[in-house]
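[1] Got a predicted structure here, sequence first:
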Amino acid sequence: MEELTVEVLRSWARAALVELGRARTEIDELNVYPVPDGDTGTNLYLTWEAACEALPEGELTFAEAVQAFGRGALLGARGNSGVITSQLVRACGLRLAENLPREQDDTPDSRLADPRMSEPVAFADALVFAADAAYGAVAQPVEGTMLTVARAAADAALTAANEGRSLPEVCLAAVASARQALTRTTDQLEVLRRAGVVDAGGAGLVVILGAMEQVLTGRAPGKTTGVPARIPAPDLAGTGDDLGPDGPAYEVMYLLDAADEAVGEFRRALTGLGDSVVVVGGDGLWNVHVHTDDVGAAVELGIGIGRPYRIRVTHFADLAPHPPAPGRAVIAVAAGDGLARLFGEAGAVVIRGGPGRRCSTGEILAAIERSKAPEIVLLPNDKDSIAVAEAAAAAARQDGVRVAVIPTRAQVQGLAAIAVHDPERSFDDDVVQLSAAAGQTRHGAVTIAVKDAWTMAGTCRIGDALGVVDGDFTLITEDLETAATSVVDRLLGGGGELLTVVSGRDADPALVEAVVRHVRRHRKDVDVVVYDGGQERYPLLIGVE
């Protein structure tokens with residue numbers, strides 16, 4: 001791909017979110033600097049998710065798209081690494097919009113922009129501009145961090161662009177240099193060397209850049225995340241001073257409406273109150289981050305130059321695990337009205353999801369907060385929602401909530417799990433029982449192809465009936481009844497005592513009757529339960545326990 005467009009931005013945003021979801025836990029485990037609180041991967045995921053959610057659907061100009069994406073990252077930034085990432089994203093996008101004007105107008109920026117700048121040069125220039133902006137946003141830049149990785153990527157991209165390389169080749173050079181710089185961070189920071197890890201924020205940045213490489217080159221995602229593993233080290237003492245007795249006690253973050261010219265002195269004053277000072281933004285809107293012992297003074301500095309809001313204070317001592325109080329809630333993602341009723345009647349807190357409407361980390365966190373329960377079991381009930389649930393769980397754990405995610409990949413697995421839930425059991429025993437019930441449930445579905453596509457079963461055409469077994473398209477037929485009975489036979493081929501059929505919003509009652517009749521005729525040993533699920537796109541969801 002040789003041109004940076006809105007569609008490229010959308011593809012990169014989606015790919016990076018998926019890859020950050022895959023790598024989130026591994027990045028969390030690397031997190032020892034500036035605070036060993038194990039949340040860098042989660043914070044980067046939440047920051048990126050906020051940026052993705054801020055990118056509107058529909059037709060947009062390139063400038064509108066990058067502005068919305070950058071603003072979303074700024075408003076949703078979490079933690080030190082998330083704030084720096086938001087600055088990188090915002091600065092890179094704004095520079096690209098200046099260098100690659102897709103629509104000419106009479107604004108000063110448009111007249112000053114150079115329309116002759118090539119895509120590779122513009123991309124490299126934007127990376128350099130973003131790295132400079134990120135260094136400028138940090139009151140006391142430290143090498144061996146994601147700043148170092150950003151600078152290495154930018155320098156390599158600029159060299160490649162000046163050599164006349166193509167846009168994909170420039171991106172490849174940037175990613176390769178970023179990965180090399182990441183491996184060197186272990187030797188650049190003593191705290192990383194003692195822990196035997198690379199910088200967590202830098203690892204996240206490599207994942208994000210790697211997603212851009214996927215989009216521009218067409219390369220498929222790797223089987224592994226590419227995040228370097230922790231190297232066993234004998235001396236872990238002293239890692240992450242901010243959680244020690246001599247380090248600042250609080251992380252303070254807030255958004256700040258303030259004049260741009262006042263921010264330089266504000267940043268310097270904030271440095272006198274603590275460390276890890278990062279102030280990013282522009283055009284009157286700023287995101288402020290500091291580790292300090294004096295929360296009031298940090299907020300008052302903001303009041304002195306503008307209006308601070310969305311103030312978030314984390315007491316580092318509260319990050320240590322502690323025994324939960326009694327009480328437990330199960331939160332389930334439901335793909336239809338009927339499924340929502342089923343989960344609700346079983347005692348679950350319900351979040352709406354399903355094809356075309358994936359739930360967000362924010363929605364799950366809001367449900368956790370509404371439940372007021374110190375123990376939470378999450379049932380994502382969709383393979384694409386598992387990473388979202390994991391990110392929400394990690395964020396909730398920072399607030400002292402005990403959370404377990406049962407990796408249910410289908411609605412019927414969630415129904416099987418909620419059926420054995422017992423709040424009188426211990427938390428661990430309940431999680432084991434729900435996990436076992438979900439894991440022992442094979443799942444399938446039938447649907448109609450809405451476009452020509454290649455599947456594991458071959459090429460399908462619009463209107464073909466498709467059968468799904470354990471998440472994969474395994475058969476293509478001319479009618480839904482044949483597809484449904486074939487899926488049932490395959491699921492029951494491995495044994496089973498109970499068949500659950502969940503009818504969709506537009507399912508023909510005759511289709512459900514045909515499946516029930518087929519089972520009773522050929523498998524008299526199997527009980528059949530039918531529910532009205534109300535889900536879209538899939539006339540039938542099928543489970544076998």
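    On my side now, so go ahead. Residues are numbered from 1 along each chain as shown.

[2] so how far does stretch 285-302 reach from one end to the other?
    This stretch, stretch 285-302, spans 12 Å end to end (CA to CA, to the nearest Å).

[3] Check stretch 352-361 too.
    End-to-end for stretch 352-361, by CA to CA: 13 Å.

[4] Rounded mean pLDDT for it, please.
    Over the span of stretch 352-361, the pLDDT mean works out to 79.

[5] domains of the protein?
    The record's domain parsing of the chain by automatic domain parsing lists 6-237, 250-319, 328-438, 442-544.

[6] And the ones you listed, which one averages the lowest pLDDT?
    domain 6-237 (a mean of 84).

[7] what helices or strands is the helix or strand harbouring residue 22 leaning on?
    According to DSSP states H and E, residue 22 maps onto helix 6-30. Judged by 3 or more CB pairs under 8 Å, 6 or more residues apart in numbering; DSSP states H and E, helix 6-30 is in contact with helix 40-54, helix 62-76, helix 200-217, helix 386-397. (Glycine included, C-beta is placed from N, CA and C.)

[8] Make JSON lines out of those and add distance to residue 31.
    Below are those laid out as JSON lines (distance: least, CB to CB, whole Å):
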{"stretch": "helix 40-54", "distance to residue 31": "4"}
{"stretch": "helix 62-76", "distance to residue 31": "19"}
{"stretch": "helix 200-217", "distance to residue 31": "4"}
{"stretch": "helix 386-397", "distance to residue 31": "11"}
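
[9] For those, could you give me JSON lines that also reports mean neighbour count and distance to residue 421?
    JSON lines is the format used below for the helices and strands packed on helix 6-30 (neighbours: other CB atoms under 10 Å; distance: least, CB to CB, whole Å):
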{"stretch": "helix 40-54", "mean neighbour count": "26", "distance to residue 421": "26"}
{"stretch": "helix 62-76", "mean neighbour count": "22", "distance to residue 421": "33"}
{"stretch": "helix 200-217", "mean neighbour count": "25", "distance to residue 421": "35"}
{"stretch": "helix 386-397", "mean neighbour count": "23", "distance to residue 421": "16"}
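
[10] Which of these sits closest to residue 358?
    Residue 358 sits nearest to helix 386-397 of all those, at 7.1 Å, using CB to CB.

[11] Kindly export the closest one (C-alpha atoms) in PDB.
    Provided in PDB are the C-alpha atoms of helix 386-397 (Å, rounded to 0.1, in the frame of the first residue of the first chain):
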ATOM      1  CA  ILE A 386     -12.200 -11.800  25.500                       C
ATOM      2  CA  ALA A 387      -9.300  -9.400  25.200                       C
ATOM      3  CA  VAL A 388     -11.700  -6.500  26.000                       C
ATOM      4  CA  ALA A 389     -12.800  -8.300  29.100                       C
ATOM      5  CA  GLU A 390      -9.200  -9.100  30.100                       C
ATOM      6  CA  ALA A 391      -8.300  -5.400  29.800                       C
ATOM      7  CA  ALA A 392     -11.300  -4.400  31.900                       C
ATOM      8  CA  ALA A 393     -10.400  -7.000  34.500                       C
ATOM      9  CA  ALA A 394      -6.900  -5.700  34.800                       C
ATOM     10  CA  ALA A 395      -8.100  -2.200  35.200                       C
ATOM     11  CA  ALA A 396     -10.600  -3.200  37.900                       C
ATOM     12  CA  ARG A 397      -8.000  -5.100  39.800                       C
END
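
[12] Off-centre distance for it?
    Its chain's C-alpha centre and that of helix 386-397 lie 9 Å apart, by CA atoms, centre = their mean, to the nearest Å.

[13] And stretch 400-417, by the same measure?
    With CA atoms, centre = their mean as the basis, the mean position of stretch 400-417 lies at 18 Å from the chain mean.

[14] how long is it end to end?
    25 Å.

[15] now swap in stretch 400-413 and tell me
    End-to-end distance for stretch 400-413: 28 Å, by CA to CA.

[16] closest one to residue 542 among the helices and strands packed on helix 6-30?
    Residue 542 sits nearest to helix 386-397 of all the helices and strands packed on helix 6-30, at 20.4 Å, using CB to CB.

[17] Identify the residues contacting the next helix-or-strand element following the closest one?
    Once the chain leaves helix 386-397, the next helix or strand it forms, by DSSP H and E, is strand 402-405. Strand 402-405 has contacts (CB atoms under 8 Å, 6 or more residues apart in numbering) with 324, 368, 374-378, 380, 386, 389-390, 392-393, 396-397, 427, 431.

[18] what do you get if the cut-off is 7 Å, keeping everything else the same?
    For strand 402-405, the external contacting residues (CB atoms under 7 Å, 6 or more residues apart in numbering) are 324, 374-378, 380, 386, 389-390, 393, 396-397, 427, 431.
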